[in-house]
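> Below is the sequence, then the predicted model.
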Amino acid sequence: MSDSLTCGSAPPVECVNGDTIGTTDVEIELDEETLARLEEKAFNDHRDSKAAAVSDLLDEWLKTQD
């Protein structure tokens with residue numbers, strides 16, 4: 001069984017050079033175990049914000065990619 005989580009989009013980010021980067025809504029499906037770990041991280045590290053926990057985990061994952 002899986003559950004889905006939708007993270008709302010944020011306003012565009014302005015870069016140092018003046019360009020802007022838009023954001024897009026994303027929906028992901030998580031199995032129960034992963035969702036439980038995400039909820040635990042959200043509660044412990046992000047004042048119960050699942051969106052912040054997803055953002056944090058995505059940032060960590062992106063740093064491991066080439």
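Perfect, thanks for sending it. What you see is a predicted model, and the numbers here were worked out from it, not measured in a lab.

> Now do the helices in this protein.
32-45, 50-64 (DSSP state H).

> Can you give me the buried ones in the shortest one?
Buried residues in helix 32-45, defined by neighbour count with 16 or more other CB atoms under 10 Å: 35, 38, 41-42. C-beta coordinates here come from the backbone N, C-alpha and C atoms, glycine included.

> Any idea how many residues pack against residue 27?
8 (other CB atoms under 10 Å).

> give me the beta-bridge partners of it?
As for beta bridges, residue 27 partners with residue 6 under DSSP bridges.

> comparing the helices of the chain, which gets the lowest mean pLDDT score?
Between these, the lowest average pLDDT goes to helix 50-64, which shows a mean of 86.

> and of the buried residues of helix 32-45, the nearest to residue 63?
Using CB to CB, residue 41 is the member of the buried residues of helix 32-45 that lies nearest residue 63, at 16.4 Å.

> residue contacts, the residue nearest to that closest one when sequence neighbours are not counted?
Counting by CB to CB, 6 or more residues apart in numbering, residue 41 lies nearest to residue 53, which is 4.5 Å off, once chain neighbours are set aside. Listed by CB atoms under 8 Å, 6 or more residues apart in numbering, the contact partners of residue 53 are 38-39, 41-42, 45-46.
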